[in-house]
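Engineer: sharing a model that was predicted from the sequence below.
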Amino acid sequence: MQIQDLSGVQFIGRIIDGPIYSVKGLYYFLELTSMIVNGVRTVLQSRPQPGSPTRLLGVQATQSYIGLSGDVTLGRLVAQKEVRISIDSNTLTRHIGIFGTTGSGKSNCLQVMAEEALRARHSVLIFDIEGEYVKMDEPTDELLGILADYGDKPQGVSDLKVYVPGHSTSLNPDAKKFGIPFADIDLEILSEILGLSPFERVYLFEVARKAKERSGNFHSYDLEALMTALRKRIEAQMQNTTLPEAVAEAHMGLYTKLSIAQRAGIVDYNEKISAESICTPGRVTVIDLNESSDVVRNICVAHFLREIFKYKSRYPDTRPIIVFVEEIHTFISKAKRKTMLATLTMLTEMARQGRKRGVCLGLVSQQPALVPSELIELCNTRLIHRVSSTPNVEVLRQSTGNVPDSLWSVLLSLGKGEALVSSPAYDHAVIAQIRPNRSRRMRIERSTPIAANSNPPQTKRRKSEEVSF
């Protein structure tokens, strides 16, 4: 709002509450933010006189005042539909947080950010836990009228690569199966993902060292070689009646947990995906984890984050990449931080050093209260959709600056696709309607779990359909 003081001085303010109805009329509460003296914006030095006339700022003035200009279009202001919310593509090298309850619009927001990143010739990697983004090479056929309002049209991405773990399937018929060489996996992080005990960790590193020595090549040993070495130790221990029971239990526990990783069909299976391929400018790489267990998902996330960071460290001048990790709280959470210190350290170091190397993390969660605070605080740009619980609101409120209380109070009532957007590029946080995606997105409906006493339920796709928000 622009307030023309009766003395001739102009003030700028923003509505923080209202409308409030009374017998005398309609009222809004304004927060004064600056004043204009001799055509120059400056800090507040006084207040307008009572009765000074007010009016809405024009489109260009609003965009300039808040800092909404840029080559990346996210959506438009909820209160002023004609005002576009844009951001400079250089800001996409900063880490992004997308938060909100189920159905609030997080997936659409992620897809829009990915599409806009491609326009800037960035590369994009999506860890897709629901199989939603596997057909982004096809144009959407939803919300075409709203797209037209943006001067936009349905359009699939021109370079999409979809990969699926060895024993899984994908809705994309061209998806390629992949595996991860065991020799490339960080054993410390693997031990945290598998939940190894201290004794089991010790024996893992010991047996791995001997397996490497037997292979004759430090980088050529595989999980089967390690399992063979471990079986021989267990067989020898069975002949030794004086061996402490704790040692035998640790070896058996380690063997069981490694067997889980082996049966998952991701380790030493088929071809690997190179970091160079993922970092191809203008390419979206989707890792379809829709049918994968938590172990497989976490191994994939940890492995590819490490590989991309190593690649970008060697080639820092290559185009930036955005890596979206859906439901980050299932990968690393506050509850697991004491037992997953190596994983958390890897993530925080990658986040802190990644910006200089052109690596941007896009962390997505419907439970931000479960995400370690270090990761939340590293998200410079935040798109916060409807949040329904007080703990989730509070953790975001405590770490997100420049947001008045009145905006936090509307989080519970945000509509589908609406989001509170806070960015270092903006002078003030705003409530935005995120534009619809141009490319296709799928929704997967899962079958109802069967009785607890029967065989473990199999993940099934019952129906797939496109959604836009």
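Structural biologist: Okay, I see it. Numbers count the residues shown, from 1 in each chain.

Engineer: in the stretch 151-300 of the chain, where is pLDDT below threshold?
Structural biologist: 216-220 (pLDDT under 70).

Engineer: the helices in it, which residues?
Structural biologist: Remark: helices assigned in the stretch 151-300 of the chain by DSSP state H, counting those that start in this stretch are 187-193, 198-215, 223-239, 245-263, 275-278, 294-314.

Engineer: so which elements touch the shortest one?
Structural biologist: When you say that, I think you mean helix 275-278. Under the contact criterion of 3 or more CB pairs under 8 Å, 6 or more residues apart in numbering; DSSP states H and E, helix 275-278 touches helix 294-314. Every residue, glycine included, has its C-beta placed from N, CA and C.

Engineer: mind listing what's buried in the helix it packs on?
Structural biologist: 295-309, 311-312 (16 or more other CB atoms under 10 Å).

Engineer: and the helices of the stretch 151-300 of the chain: which comes nearest Thr101?
Structural biologist: helix 294-314 (21.2 Å; CB to CB).

Engineer: in the stretch 351-469 of the chain, where is pLDDT below threshold?
Structural biologist: Scanning the stretch 351-469 of the chain with the threshold set as pLDDT under 70 gives 443-469.

Engineer: show me where it has its strands.
Structural biologist: Along the stretch 351-469 of the chain, counting by DSSP state E, counting those that start in this stretch, strands occupy 359-365, 381-384, 418-422, 430-434, 442-446, 461-466.

Engineer: which residues touch stretch 300-307?
Structural biologist: Residues outside stretch 300-307 that contact it (CB atoms under 8 Å, 6 or more residues apart in numbering): 125, 127, 165, 180, 184-186, 189-190, 193, 266, 273, 275, 278, 287, 289, 292, 323, 325, 331, 343, 346-347, 350.

Engineer: buried subset of the residues you listed, written for PyMOL?
Structural biologist: Buried residues within these, by 16+ other CB under 10 Å, are selected in PyMOL with:
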select buried, resi 125+127+165+180+185+186+189+190+193+266+273+275+278+287+289+292+323+325+331+343+346+347+350
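
Engineer: pick out the residue nearest the middle of this protein.
Structural biologist: Leu363 (2.5 Å; CA atoms, centre = their mean).

Engineer: what separation do you get for that one and Tyr21?
Structural biologist: As defined by CB to CB, to the nearest Å, Leu363 lies at a distance of 41 Å from Tyr21.

Engineer: cool, and Gly97?
Structural biologist: Distance of Gly97 to Tyr21, computed by CB to CB: 36 Å.

Engineer: quick one: which of these two has more around it?
Structural biologist: The neighbour count for Gly97 versus Tyr21, taken as other CB atoms under 10 Å, is higher for Gly97 (26 against 9).

Engineer: residues near the closest residue to that one other than its chain neighbours, how many?
Structural biologist: Of all residues not flanking Gly97 in the chain, Cys379 sits nearest, at 3.1 Å (CB to CB, 6 or more residues apart in numbering). Other residues lying near Cys379 total 24 when counted by other CB under 10 Å.

Engineer: state the number of residues packed around Leu118.
Structural biologist: Neighbours of Leu118 (other CB under 10 Å): 22.

Engineer: so which bits of the helix or strand encompassing it are buried?
Structural biologist: Secondary structure from DSSP states H and E places Leu118 in helix 106-119. Applying a neighbour-count criterion of 16+ other CB under 10 Å, one finds 106-118 buried in helix 106-119.

Engineer: among the helices of the stretch 151-300 of the chain, which is nearest Arg435?
Structural biologist: With CB to CB as the criterion, Arg435 lies closest to helix 275-278 of those, at 26.2 Å.
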